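A.B. asks: Here's a sequence, model it:
(chains A and B)
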Amino acid sequence: MSPRLLELHFSQLAKAWNKSQYNNYSDNSKKLYHNKLGDLYRLLKTEDFSRFSQQEIMERYDVINMIFKSLEFLDSSTLNLLPFEIVTCLDCALRDWLQGDEELIIVTSLVNDINNYSFDESLATNEQLFKYVELQYGIKFASRLIQINLPATLSRDYLANVVLYHELGHFIDTKYQISRAIHDEILEKLFVKRKITPEEEKELADYFPFLENYLALEPYYNNQGEIKVLRYYLAEYFCDLFASQYIKTCSSHYLQYLTQAYASQHSNSHPSTKKRVELTEKFLSGDDSTFTLSKIKEAVNKTTAGKSLSVKFEEKKSNDFINLVPIDIENDSQLHYLFVHGWDLWLNNWHLFEEQNEMKFKLDREKVYDIVNSLIEKSIGNYVVKTNWDKAKANVSK
Amino acid sequence: MLHSHSVENEKFGLFILFLNHLLSGEKKYEETINNVLIETRALVKGEKDVYTVNRDTFPIIIYLSKRNRTFFEGLPNTKSFDKQVYTDLFSLLDRQRPISII
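C.D. replies: Below is the predicted model:
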């Protein structure tokens, strides 16, 4: 490989860095990460690529990509662009799943694709890349970026954005390798230990239809050691359960709408919406009788050193939204429940705005949409101000 | 799409590059390589399972444990290894990994 191609790659990076180097962020952790990128960029700039071996070219390729990928998300997470309120809620959920003093920063990329909600794992879970940077350049990044894509036009839509809890679930799944471990255990149970009860066999075929004739997959398993579609299905089921811990069935509302034409159909990457919703409802109702659900719960417990899948929202009864005022939130568990209030209002109680506030005119749907989103956003904002104020007061009294 | 690769591929790629450095005598890469050897040995010996082995290098550990179980069962219970072990490890990784079509 010619070093000229690496020179090309670095020149592209230089253009991107020139544009991003003065980014302004709302918090110090992003600024510190950005500064480390700057240190790394400047060290790369001093290197003479023409003298590099093939191995060094390959390594620098990964490093340049890492800076590119970081900038791609940091550029969309500046003070003016970051969808601060929803990221605040996701950050609260994330903190339930961290170990020790881990520092993770949720960053977003606003994309021009109306249905593109996705998690990009390229930086959050690639420790070896950061290790290489540390060993080669002596630069240690204190934090990692969790990269989440969301549609630019919906960045402040708090009804649709509940699905971001599902995307955060993908990070947790990848971090702890939850679905991958269950995948390995199930396949070993089927093809190595051959210890499966008829009930388990029936259920596996129900939630993973491609396992109905699983013996046909045995030669493939023996050759490849994995069946990717099983991993994908387990990951999707886990992420649905993860989200429902915080936002109840809200994510299902949107998912059912998006997939309404094929809700009973499964694909090579996703289970049918019908089965996904069914499993979530079993979880929320405390029905642990299914093999799939109990296996996922058990795997979470084992891989996360004792954390558990459990309902983490707190129902807070309130008529505040109906009265057109933000809800006064007391803790993180109530914070997540705001989305349930918002969805309930949108789906069932639209008319109460007019009745309760004695409106002499009919609210149109666009107005209700604005009101609901604004009420959720302001409730989150008020909670952030309140908790920051409490923290500041506590620091003064120390 | 011009090309596609996964983080998992990138992890394997970097791990092989680390191993190359180590085989050329750069000791600073030893810890990362040794940790994978130790974890893979623990997995095949039944001292750890798929839920408890290291999460970050999980795909590499699983791949190696299936690639040559006997090799890892025969590794000494130690925190450092001789160069032949690294050479043998390289030969386990330096080939096309199976691609999954289902």
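A.B. asks: How about the residues of chain A by chain B?
C.D. replies: Residues of chain A that fall close to chain B, judged by CB under 8 Å from any CB of the partner chain: A:55, A:58-59, A:62, A:121-122, A:125-129, A:131-132, A:135, A:175-177, A:180-181, A:184-185, A:210, A:217, A:220, A:223-229, A:268, A:299, A:302-303. In short, each C-beta sits where N, CA and C put it, glycine included.
A.B. asks: Select only the buried ones of those in ChimeraX?
C.D. replies: A single ChimeraX command selects the buried members of the residues of chain A next to chain B (16 or more other CB atoms under 10 Å in any protein chain shown):
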select /A:58,59,62,121,122,125,126,127,128,129,131,132,135,175,176,177,180,181,184,185,210,217,220,224,225,226,227,229,299,302,303
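A.B. asks: Now, the residues of chain A next to chain B that are in helices?
C.D. replies: Counting by DSSP state H, the part of those found in helices is A:55, A:58-59, A:62, A:127-129, A:131-132, A:135, A:175-176, A:180-181, A:184-185, A:220, A:223-224, A:228-229, A:299, A:302-303.
A.B. asks: pretty sure A:Thr303 is touching A:Ile178, no?
C.D. replies: Yes. Under the criterion of CB atoms under 8 Å, A:Thr303 makes contact with A:Ile178 at 5.4 Å.
A.B. asks: residue contacts, the residue of chain A found nearest chain B?
C.D. replies: Among the residues of chain A, A:Lys302 lies closest to chain B, at 3.8 Å counting by CB to the nearest CB. For A:Lys302, the contact set (CB atoms under 8 Å, 6 or more residues apart in numbering or on different chains) comprises A:Ala181, B:Tyr51, B:Thr52.
A.B. asks: so the second one touches A:Thr304, yeah?
C.D. replies: No. Counting by CB under 8 Å, B:Tyr51 stays clear of A:Thr304, with 9.7 Å between them.
A.B. asks: Just the local confidence number for A:Lys123, please.
C.D. replies: Rather than Lys, residue A:123 is Leu. pLDDT, A:Leu123: 91.
A.B. asks: Contacts only, for it.
C.D. replies: Neighbours of A:Leu123 in contact, by CB under 8 Å, 6+ apart: A:Met66, A:Lys69, A:Ser70, A:Phe73, A:Leu129, A:Arg144, A:Leu145, A:Gln147.
A.B. asks: Quick one: residues in contact with stretch B:9-23.
C.D. replies: Where contact means CB under 8 Å, 6+ apart, the residues beyond stretch B:9-23 that reach it are A:55, A:58-59, A:62, A:122, A:126, A:128-129, A:132, B:28-30, B:32-33, B:36, B:57, B:59-60, B:63, B:83, B:86-87, B:89-90, B:93-94, B:97.
A.B. asks: I meant stretch A:281-290, not that one.
C.D. replies: With CB under 8 Å, 6+ apart as the contact definition, stretch A:281-290 has outside contacts at A:Glu203, A:Tyr207, A:Leu241, A:Ser244, A:Lys248, A:Thr249, A:Leu279, A:Leu293, A:Ser294, A:Lys297, A:Leu309, A:Val311.
A.B. asks: repeat that with 7 Å
C.D. replies: Applying CB atoms under 7 Å, 6 or more residues apart in numbering or on different chains, the contact partners of stretch A:281-290 are A:Glu203, A:Leu241, A:Ser244, A:Lys248, A:Thr249, A:Leu293, A:Ser294, A:Lys297, A:Val311.
A.B. asks: What does the pLDDT read for the closest residue to the last one other than its chain neighbours?
C.D. replies: Distances taken as CB to CB, 6 or more residues apart in numbering or on different chains put A:Gln245 closest to A:Val311, at 6.0 Å, once the chain neighbours are dropped. With respect to pLDDT, A:Gln245 scores 98.
A.B. asks: Can you tell me the SS state at A:Gln245?
C.D. replies: In three-state terms, and counting by DSSP: H, G, I helix; E, B strand; the rest coil, A:Gln245 is helix.
A.B. asks: contacting residues for it?
C.D. replies: Contacts for A:Gln245 (CB under 7 Å, 6+ apart) come out as A:Leu309, A:Ser310, A:Val311, A:Lys312.
A.B. asks: For the first one, list the residues it contacts.
C.D. replies: By CB under 7 Å, 6+ apart, A:Leu309 lies in contact with A:Leu241, A:Gln245, A:Ile296, A:Lys297, A:Val300.
A.B. asks: Now for the nearest residue to A:Ala181 once chain neighbours are set aside: which residues touch it?
C.D. replies: In this structure, A:Ala181 finds its nearest non-sequential neighbour in B:Val50, 4.2 Å apart by CB to CB, 6+ apart. Residues counted as contacts of B:Val50 (CB under 7 Å, 6+ apart) are A:Ala181, A:Asp184, A:Glu185.
A.B. asks: Next: A:Glu185.
C.D. replies: Counted by CB under 7 Å, 6+ apart, A:Glu185 has contacts B:Val50.
A.B. asks: same deal with A:Ala299?
C.D. replies: A:Ala299 touches A:Ile178, A:Ala181, A:Ile182, B:Tyr51, counting by CB under 7 Å, 6+ apart.
A.B. asks: just so I have it, where are all the strands in chain A?
C.D. replies: In chain A, the strands defined using DSSP state E lie at A:104-111, A:118-120, A:144-151.
A.B. asks: Residue of chain B nearest chain A, please.
C.D. replies: Counting by CB to the nearest CB, chain B gets nearest chain A through B:Tyr51, at 3.8 Å.
A.B. asks: Looks like that residue contacts A:Ile182 (just checking).
C.D. replies: No. Between B:Tyr51 and A:Ile182 there is no contact under CB atoms under 7 Å: 8.8 Å.
A.B. asks: Could you check which of those two has the larger neighbour count?
C.D. replies: A:Ile182 (26 against 20; other CB atoms under 10 Å in any protein chain shown).
A.B. asks: what does the model give the more buried one for pLDDT?
C.D. replies: In this model, A:Ile182 carries a pLDDT of 98.
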